[in-house]
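Student: Fold the following and give me the result.
(4 chains)
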Protein chains: 4
Amino acid sequence: MNTFGHNLRLTTFGESHGPAIGGIIDGMPPGIAIDLGEVQHQLDRRRPGQSDITTSRVEADRVEILSGMLDGTTTGTPIGFTIANTSHRSGDYDEMRHNFRPSHADYTYTAKYGLRDHRGGGRASARETAARVVGGAFARQVLSLHGISIVAYTSQIGHIALPPHHATPATTDIIDSNPVRCPDQQTARLMHRLILDTKQAGDSLGGIVSCIVTGLPPGVGEPIFGKLQASLAAAMMSIPAAKGFDYGMGFAGAACLGSEMIDQFDITPDNTITTLTNHSGGIQGGISNGMPVTMRVAFKPVATLLRELPTVNDRHERVTIHARGRHDPCVVPRAVPIVEAMAALAILDAMLSSRLI
Amino acid sequence: MNTFGHNLRLTTFGESHGPAIGGIIDGMPPGIAIDLGEVQHQLDRRRPGQSDITTSRVEADRVEILSGMLDGTTTGTPIGFTIANTSHRSGDYDEMRHNFRPSHADYTYTAKYGLRDHRGGGRASARETAARVVGGAFARQVLSLHGISIVAYTSQIGHIALPPHHATPATTDIIDSNPVRCPDQQTARLMHRLILDTKQAGDSLGGIVSCIVTGLPPGVGEPIFGKLQASLAAAMMSIPAAKGFDYGMGFAGAACLGSEMIDQFDITPDNTITTLTNHSGGIQGGISNGMPVTMRVAFKPVATLLRELPTVNDRHERVTIHARGRHDPCVVPRAVPIVEAMAALAILDAMLSSRLI
Amino acid sequence: MNTFGHNLRLTTFGESHGPAIGGIIDGMPPGIAIDLGEVQHQLDRRRPGQSDITTSRVEADRVEILSGMLDGTTTGTPIGFTIANTSHRSGDYDEMRHNFRPSHADYTYTAKYGLRDHRGGGRASARETAARVVGGAFARQVLSLHGISIVAYTSQIGHIALPPHHATPATTDIIDSNPVRCPDQQTARLMHRLILDTKQAGDSLGGIVSCIVTGLPPGVGEPIFGKLQASLAAAMMSIPAAKGFDYGMGFAGAACLGSEMIDQFDITPDNTITTLTNHSGGIQGGISNGMPVTMRVAFKPVATLLRELPTVNDRHERVTIHARGRHDPCVVPRAVPIVEAMAALAILDAMLSSRLI
Amino acid sequence: MNTFGHNLRLTTFGESHGPAIGGIIDGMPPGIAIDLGEVQHQLDRRRPGQSDITTSRVEADRVEILSGMLDGTTTGTPIGFTIANTSHRSGDYDEMRHNFRPSHADYTYTAKYGLRDHRGGGRASARETAARVVGGAFARQVLSLHGISIVAYTSQIGHIALPPHHATPATTDIIDSNPVRCPDQQTARLMHRLILDTKQAGDSLGGIVSCIVTGLPPGVGEPIFGKLQASLAAAMMSIPAAKGFDYGMGFAGAACLGSEMIDQFDITPDNTITTLTNHSGGIQGGISNGMPVTMRVAFKPVATLLRELPTVNDRHERVTIHARGRHDPCVVPRAVPIVEAMAALAILDAMLSSRLI
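Tutor: Residues are numbered from 1 along each chain as shown, chains lettered A, B, ... in the order given. Have a look, this model is predicted:
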């Protein structure tokens, strides 16, 4: 299933080492002037080779829009797009044709399909997420017209977490001002150092991305199986390496008393209903209440270690492999724009289904 | 959106205080002999009034099967079913017609629809989950024929958690032998005591339900947006009061090194590929690898406190309410069969989509 | 697949001889006052036993609404409903347990599922359409608020067809004033006589139902696979015994020249764009143009003949059967409200997807 | 909605005058060796400029496969593909920016979206069907491995129809041996002459395409809304200019007696259940019975006439237009491979949903 969404649908295709990856965005509202430079900027945020803590694979990652626009404006018809794969060195992966890298998808794809594209992870490569970033970049431009913004940031790398008193970050500028995308500059430095040291050791790190949606009106989301948090959870858990999702107080709320978790209602001076706290994370009964939607996504450390590893192959023999290729020691900073993209797709879909756009 | 699933679809209907709730299970494989006593038993596990820590609302919760079976066997046509509402005391809720209970769905339903069924939470009542338990009870009987079993249990209530060394529980018998459904009897007693004390104080508790799927063959789940963990996350996050989902090492894995998280492959004596550890929680690249699928669902404390609470009403006035009705101080023990039901629905759907049933 | 629709979804369940049939309508707009008497009236129009040309099976066909309404108004949550089966004489069908009636679904259900509910056709019984009529009755009340009306009528029975010069019928009153539901009273008498004679001969008749949707605004429907005519065709071809669908000039248009088929645009005095003719049947490029949507559905003669018939059984033996049960010699008059119901469901779904409701 | 199918899904994008059209085929079974020359051959059958009766617009229509294959074999991941638009002369369409061509989609797209891509019909151009032919070409290669073949042919052009006694055509070779794709060479000559004469007169013609699916096993299709004929009808009615669909005896069957329409069962020498006739067109109760599935699709004459036509523009003024561009006088011959493609997509989807592949 390579389609996400009900009334806004992103369908993606592409392997790491084919001629191109790409996708189709179906259900875009018509008449929206799209800033393609901003779409490309989002892709650049995800691109490898941005800093000393990302893979040295260099991809231009230029998006080409093939349809659905006229004179810079959406027409309501599907947006087809491609991103060429320019830097694939498939030779790096010949050893992987028959070997199953541990904690990768090599074995499960083979178990499912009987064969797999072994070059660079094939369809399971995180390269696929570039198409999501394009979809999300279109979606967030629509949301922006309705006063809705989505900001994600790194809140934990390995055992280094943002201090609990850290306030909500104001802008993407602050977040993007350091290579780990953490809004607290001191914590960012510690995280950066940890990543470099871990890379040096041939090991890898996981972490947590936090995301905040502001400006969402009340009434977005649907009861029961269409709950906003269910859609967001599916969106986030579809990202490679994501291992957990929570929203509002999340897992921490499981240890609280009800009296500590209740968000008391109040009336603002302009006669709007609001809540004094936001333990709920902006959602009640699956439907937005007008407060910011807050969520977290946990990412595991990438499984590619630059060392020798014992494993098995497709002839059920024990073998030893040594990862070559080019890999990130920590995907979390590059996951930030992906989390934003998936949030934007889920939120715009919910806005459309809730008939608020 | 009141439908869950792609090739196995459960659609539910019903409010807490209407004549009945119910649903339709579409896509059930034909020729399956269904033990309706076992279906009723699962409903009984979710039923209110089971012990001193659940609401005193007593519902018979008898499921009536209206279609899709002949002589005790599924025919492949949709299973329609109803569960009568017998114990609704709508008078308890007259005060709630115009007031918005804090951290309930009263305000968001009104914001979305312009009106709501205020009696007992209406569609947002957890009573709706009874229909899911029926759906799950059918699904797990199919899975059982393929050697797949699903066991959930309470692993945390408030700040009391299962000790980390706790082994996987063997059977549902052990879990159901205490009212909190915790497989460790000593921890269960502490949890039970905490719930009674909290109830006495008019407060409420959250917690965590863990769930393990065993017997799943490799190859279940689909790439990208159909990842098994994405489907399970959507399933779990659609349960009322669920605030978080993770699988495998989950959020804890975000703090680990890659070298600590990798699951090394091995070959079993009968020439099957397996892994020496299961940090991955049985899924790689969205597809099962044959190891147990392990996951957790965090639940917030219920928002109904048996005390006076300040809030607002639909005329934007500040008011004070006092919950009457009958409520659980902690929904976690009753959430155990619901988590199992949603897991069963998601897993059977994935088995069908993966063409393994 | 027992669900129809994308943003308005009807899911149905039920066999001819189980305790009840029913369904769930999901996606109903909230705040709509529903006239349940009118819903029952539509069911009565479909009910058997209405006249001397319909089956003598008498069913009360009382719809019971179980959810989704408060004080006579929709709440936006799903409408669950049941219709009890009161007149099933399953004994009539014992002979059919192993025999395959020719041109019925007995063999194909058995081929597909390995077993079937043989009593009265089981799920393949046209009794299932009662649930569609309920769904359609809700949908048309919403459409009516937007000035959209749907009228179907019998335009052909056997070889007797409405004269080509016959004008569009004004009201359902005229159509329902005769048992064949033909708006031309003289043609209706001929059709009635033909049905009685054919019934006497133990044979059966097919025919054509025409349907007109008026008041539909321009812009309803979607490009490519969501074309309005594609949705209407799927709706109509899902009705038992339907063998063909066309719209506008339809099959007759295949023999015309382009110059005969073009609908010239014009501007009305109130500055609206209209067309001088309506060969297109109100749809261009899959999207409504504001003119009436006109379509036809062809029905085959029912396959149940009151005579001895040679056939085969599930042991692959040649046998002779004699239909007992109670059957219509011609289903076309009772298909009229079913065609209207399916049109209403498809049109309301398209209105919602096109964001016009 | 630019996606067709449930378990096999084709999503398409592209306008007549953008850089490219294309699509994504999701759900292709893995391990299928695909003959890309045959895929290109199907595209060539649909291509403009094939003969003196098709538009002189010359498109290379080269399909480029971007993903989902390794060493000529499907991998189970989505097939992304593009077809470059090389021959767009957008200048031809400047006059059309504000004018609504009668019986085209210009007005309805503008009514729906507020704007449209006016160049060559934009998304409503039949050029979009090239992507369907690619999807169908993949699907039919899978079906072919299961002994299922799909053959369509022209059975009527204008008032010239195949003689009723015409036997089923044996092969595509015979059909493709004349430019109208009619299996009866004498009728083909009359049709060819009629098209040339009509083209000369600046007028256009419609017609009927018949299609036969052979080799389909019993049990394909689903009850109620997933009936095989409903899926085929939606598939065919989504083709530009299609105005009607029927199967088996279709509209003609509406005038028959039941005793004339019944298909008597028989047992073949190899103990298979079959029917002596095939009035049903291979489907009973929505499910295939093992006999050939026969259907017809009616096409209207194209609305582009090479003459002056009065119409209106988007300022609601009456204007006169004169079609330039390059157009077919009759699309029916080129619709033959499109009908086959849509049949292949619908049938493979049904085979997958019915778990027969």
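Student: The residue of chain A positioned farthest from its centre sits in which helix or strand?
Tutor: Ranked by distance from the centre of chain A (CA atoms, centre = their mean), the top residue is A:P269, with 37.1 Å. Assessed by DSSP states H and E, A:P269 sits outside every helix and strand.
Student: With A:P183 instead?
Tutor: Using DSSP H and E, A:P183 falls outside every helix and strand.
Student: The one 3 residues further on too?
Tutor: Under the criterion DSSP H and E, the helix or strand holding A:Q186 is helix A:185-200.
Student: For the helix or strand following that helix, which strands pair with it and how are they oriented?
Tutor: Where DSSP H and E defines the elements, the next helix or strand beyond helix A:185-200 is strand A:207-214. The pairing partners recorded for strand A:207-214 under DSSP bridges are strand A:149-157 (antiparallel), strand A:293-299 (antiparallel).
Student: for the record, mean pLDDT for strand A:207-214?
Tutor: Strand A:207-214 comes out with an average pLDDT of 97.
Student: now do stretch A:6-16
Tutor: 96.
Student: Counting neighbours, which bits of it end up buried?
Tutor: A:H6, A:N7, A:L8, A:R9, A:L10, A:T11, A:T12, A:F13, A:G14, A:E15, A:S16 (16 or more other CB atoms under 10 Å in any protein chain shown). All C-beta atoms are positioned from the backbone trio N, CA, C, and that covers glycine.
Student: and those as TSV, adding distance to chain C?
Tutor: Listed next are the buried residues of stretch A:6-16 as TSV, based on distance: CB to the nearest CB, whole Å:
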residue	distance to chain C
A:H6	8
A:N7	7
A:L8	12
A:R9	11
A:L10	17
A:T11	13
A:T12	19
A:F13	18
A:G14	22
A:E15	26
A:S16	30
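Student: State the distance from the residue farthest from the centre of chain A to B:T311.
Tutor: 18 Å (CB to CB, to the nearest Å).
Student: Poorly predicted segments of chain A, please.
Tutor: By pLDDT under 70, the weakly predicted segments of chain A are A:55-58, A:88-93, A:165-170, A:324-326.
Student: Might you report the residue contacts of the closest residue to chain B within the stretch 1-150 of chain A?
Tutor: The stretch 1-150 of chain A approaches chain B most closely through A:A105 (2.5 Å), counting by CB to the nearest CB. Contact analysis of A:A105 by CB atoms under 8 Å, 6 or more residues apart in numbering or on different chains lists A:G121, A:A124, B:Q284, B:G285, B:G286, B:I287.
Student: try A:F81
Tutor: A:G22, A:G23, A:I24, A:I25, A:V63, A:E64, A:I65, A:L66, A:A131, A:V134.
Student: So which of those wins on neighbours?
Tutor: In terms of neighbour count, A:G23 stands highest of those at 32 neighbours, by other CB atoms under 10 Å in any protein chain shown.
Student: so where does that residue fall, helix or strand?
Tutor: Assigned by DSSP H and E, A:G23 falls in strand A:20-26.
Student: picking up where we left off before, narrow the contacts of A:A105 to those in helices?
Tutor: Among the contacts of A:A105, DSSP state H puts none in helices.
Student: Give me the phi and psi angles of A:I262.
Tutor: phi -60, psi 130 (degrees, to the nearest 10).
Student: Let's see whichever strand or helix holds A:D173 as CSV, backbone CA atoms only.
Tutor: Assessed by DSSP H and E, A:D173 sits inside helix A:172-176. The C-alpha coordinates for helix A:172-176 follow below in CSV (Å, rounded to 0.1, in the frame of the first residue of the first chain):
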residue,chain,number,x,y,z
THR,A,172,12.1,27.0,11.9
ASP,A,173,15.0,29.5,11.6
ILE,A,174,16.1,28.7,15.1
ILE,A,175,15.7,25.0,14.6
ASP,A,176,17.6,25.0,11.3
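Student: so A:G68 touches A:G27, yeah?
Tutor: No. Counting by CB atoms under 8 Å, A:G68 stays clear of A:G27, with 10.6 Å between them.
Student: chain center to stretch A:147-155: distance?
Tutor: Taking CA atoms, centre = their mean, to the nearest Å, the mean C-alpha location of stretch A:147-155 is offset from the chain mean by 11 Å.
Student: Return the residues of the stretch 1-150 of chain A in contact with chain C.
Tutor: For the stretch 1-150 of chain A, the contact set with chain C under CB under 8 Å from any CB of the partner chain comprises A:H6, A:N7, A:T77.
Student: what about the longest helix anywhere in chain A, near chain D?
Tutor: Looking across chain A with DSSP H, the single longest helix is helix A:332-353. No. Helix A:332-353 does not reach chain D (CB under 8 Å from any CB); its nearest approach is 12.9 Å.
Student: In space, what's closest to A:G281 - neighbours in sequence excluded?
Tutor: With sequence-adjacent residues excluded and distances taken as CB to CB, 6 or more residues apart in numbering or on different chains, A:G281 is closest to A:G248, at 2.5 Å.
Student: ok, now which ones touch the one you found?
Tutor: A:N278, A:H279, A:S280, A:G281, A:G282, A:I283, A:T294, A:M295, B:K243, B:K300.
Student: Is there any residue in the strand holding A:G23 that contacts chain D?
Tutor: Yes. Using CB under 8 Å from any CB as the criterion, contacts between strand A:20-26 and chain D involve A:A20, A:I21, A:G22, A:G23, A:I24, A:D26.
Student: Closest one of these to chain C?
Tutor: For the residues of strand A:20-26 next to chain D, the nearest to chain C is A:D26 (9.4 Å; CB to the nearest CB).
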